[in-house]
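S.K.: Below are the sequence and a predicted model for it; my questions follow.
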There are 2 protein chains.
Amino acid sequence: MVFPDSAARNRPSARAATAQVLAPYALVREYLKHGLSVGRWPPGALMPSDSELVAQFGVSRMTVTRALRELQTDGLVTRVQGLGTYAAHLAQVSSSLTIRDLHEEITARGHRHHARVHLSRQQRATAGLAGQLGLAPGAPVFHTLIVHFEDDVALQCEDRFVNPRCAPNYLKTDFTKITPTHYLLQVAPLWEAQYSIEAGAPRVREARLLGIPGDEPCLIIVRRTVNRDIPITLARLVHPGSRYRVQGQFKP
Amino acid sequence: MVFPDSAARNRPSARAATAQVLAPYALVREYLKHGLSVGRWPPGALMPSDSELVAQFGVSRMTVTRALRELQTDGLVTRVQGLGTYAAHLAQVSSSLTIRDLHEEITARGHRHHARVHLSRQQRATAGLAGQLGLAPGAPVFHTLIVHFEDDVALQCEDRFVNPRCAPNYLKTDFTKITPTHYLLQVAPLWEAQYSIEAGAPRVREARLLGIPGDEPCLIIVRRTVNRDIPITLARLVHPGSRYRVQGQFKP
DNA sequence: CAGTGGTCTAGACCACATA
DNA sequence: ATGTGGTCTAGACCACTGT
């Protein structure tokens, strides 16, 4: 690991001359990150203060601040005003899980995607559904039931309810060409979602549509999406366990 | 949404006077975020330049930069040097998934956690395992098999292999008191993990240890952890589908 | 060339926590 | 009173992209 030296590094000309030198703020960040990884500051330990780092690296405080703020948003340090910067307790590992549009995911693998629409209609919301979508019980909702195939193998059964207020033209979409996810992303570009992932048996109809035995373990994702406090959609995505998995990665 | 006015807001005294005013950088960020959510800048559209925002809000460029950098790390905008700032295509929703230490998760719910250790020994790595842990085939590895209970209900069967080089004293730990996850976090505080989540049937032994039928769908998490290019551990976590789910959230 | 984002500085005021 | 982090400013140089 590079040491806080900086006298030379700090000259912009030196920065430009060499090819891939880290910017000063990145240098400070990596220095601290390295120290954390080798246990120089065990979880909970007090780390160098802003002013100490300013002196050590010969940079301005804004530079140190940026380095520390990045570590903070990555959950690696905890900063408390009036006290100092502490090495975080990584009791919970917060990771990045990417849920992509299925069409994209399949075509990115170089496979063919197609969808079969089993249901696409308006109906009245039950009490529970109305609550989830912020509607009055009995209010109209859009309901689609679509099975997605990867190279003719059923991969996902997508049972979705949509708030008509957010996507009035939802049912006019040709879901064999555009997935609901893709369409809704266009209608409501900025959103907020909660979801749960669990294992369970498929419902009878889902097993039939997916062409799997009724006792095959399935990965079930239930996702609720909200845009600016207005619920948009509630989806139940059922995947045969043998054909689908969610992958993720945590990288500080 | 508040408008770029700022003349008054910018006086620190005004900031201190009112209770919960947003800091200028947050004001700029929320202004842009709001515009994105109402479709003022559709995906791919050119957004205001730094200097325009500086003029509109009457703040310094560092303040605007910070706002935009936060939006960028959240994946809401794309910035290209020499071109400008663009509204991002939210083709893939990258979300935050939290995997906590099970002991913490259970006690946080106000329940009791206890563990039963069924295996805790050193053995020789098979070829496949050695590859995953960066060891030579036949090299010694630590192997633990532990079942975790929440209020006497089996919640997780944890089958784990550990690289002795990273945690030489691993087997000396009392796993009825400290979970392997917790112990390893202390030994290697900064890490990097890859994992997959899938649904499947438990192995025969796992079903027996968990006290569930052999055909009960289970949520299976396989996680591989690496610290500074050195593999630490490989874990297979099997949860009865009816008793466990992973929850997550995406919030721009 | 002009305009864009990427980064840095030196200094400043503030709120907060501890002694 | 001192030291901590939180934030802001005014100006600067750079690399990059277009015309």
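M.R.: Received it, and whenever you're ready, just let me know what you need. Numbers count the residues shown, from 1 in each chain, chains lettered A, B, ... in the order given.

S.K.: which intervals of chain A have sub-threshold pLDDT?
M.R.: Applying pLDDT under 70 to chain A picks out residues A:1-20, A:90-99, A:190, A:251-252.

S.K.: Quick check: residues of it near DNA strand D?
M.R.: For chain A, the residues in contact with DNA strand D (Cβ under 7 Å from any atom of the strand) are A:12-13, A:16, A:47, A:49-52, A:61-62, A:65, A:68-69, A:72, A:79-85. From N, CA and C alone the C-beta is placed, and that goes for glycine too.

S.K.: So how do I select the buried members of the residues you listed in PyMOL?
M.R.: Restricted to buried positions by 16 or more other Cβ atoms under 10 Å in any protein chain shown, the PyMOL selection for the residues of chain A next to DNA strand D reads:
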select buried, chain A and resi 47+65+68+69+79+85
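
S.K.: Please list which of the residues of chain A next to DNA strand D also come close to chain B.
M.R.: A:Met62 (Cβ under 8 Å from any Cβ of the partner chain).

S.K.: Show me the residues of chain A next to DNA strand D that map onto strands.
M.R.: A:79-80, A:84-85 (DSSP state E).

S.K.: closest to A:Gly200 among these?
M.R.: The shortest approach to A:Gly200 among those belongs to A:Arg79, at 41.9 Å (Cβ to Cβ).

S.K.: Relative to DNA strand C, how far out is that closest one?
M.R.: Separation of A:Arg79 from DNA strand C (Cβ to the nearest atom of the strand, to the nearest Å): 11 Å.

S.K.: Then A:Tyr183?
M.R.: Distance of A:Tyr183 to DNA strand C, computed by Cβ to the nearest atom of the strand: 30 Å.

S.K.: cool, and A:His148?
M.R.: From A:His148 to DNA strand C the distance is 36 Å (Cβ to the nearest atom of the strand).

S.K.: Tell me if the host helix or strand of that residue is near chain B.
M.R.: In the assignment (DSSP states H and E), A:His148 maps to strand A:140-150. No: judged by Cβ under 8 Å from any Cβ, strand A:140-150 and chain B are separated, with a smallest distance of 15.8 Å.

S.K.: got the CA positions of that strand in PDB?
M.R.: Presented in PDB, the C-alpha positions along strand A:140-150 are these (Å, rounded to 0.1, in the frame of the first residue of the first chain):
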ATOM      1  CA  PRO A 140     -60.700  -1.400 -10.800                       C
ATOM      2  CA  VAL A 141     -57.200  -2.800 -11.200                       C
ATOM      3  CA  PHE A 142     -55.300  -4.300 -14.100                       C
ATOM      4  CA  HIS A 143     -54.300  -7.900 -13.900                       C
ATOM      5  CA  THR A 144     -51.900  -9.800 -16.100                       C
ATOM      6  CA  LEU A 145     -50.700 -13.300 -16.000                       C
ATOM      7  CA  ILE A 146     -47.700 -14.000 -18.200                       C
ATOM      8  CA  VAL A 147     -45.300 -16.900 -18.600                       C
ATOM      9  CA  HIS A 148     -41.800 -16.100 -19.800                       C
ATOM     10  CA  PHE A 149     -39.700 -18.600 -21.700                       C
ATOM     11  CA  GLU A 150     -36.000 -18.900 -22.300                       C
END
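
S.K.: buried ones in it?
M.R.: Buried residues in strand A:140-150 (16+ other Cβ under 10 Å): A:141-150.

S.K.: Could you chop chain A up by domain?
M.R.: As assigned by automatic domain parsing, chain A contains the domains A:12-87, A:96-249.

S.K.: The nearest residue to A:Gln247 once chain neighbours are set aside: what secondary structure?
M.R.: Leaving aside its chain neighbours, A:Gln247 sits nearest to B:Ser196 (4.7 Å; criterion: Cβ to Cβ, 6 or more residues apart in numbering or on different chains). With DSSP: H, G, I helix; E, B strand; the rest coil as the basis, B:Ser196 sits in strand.
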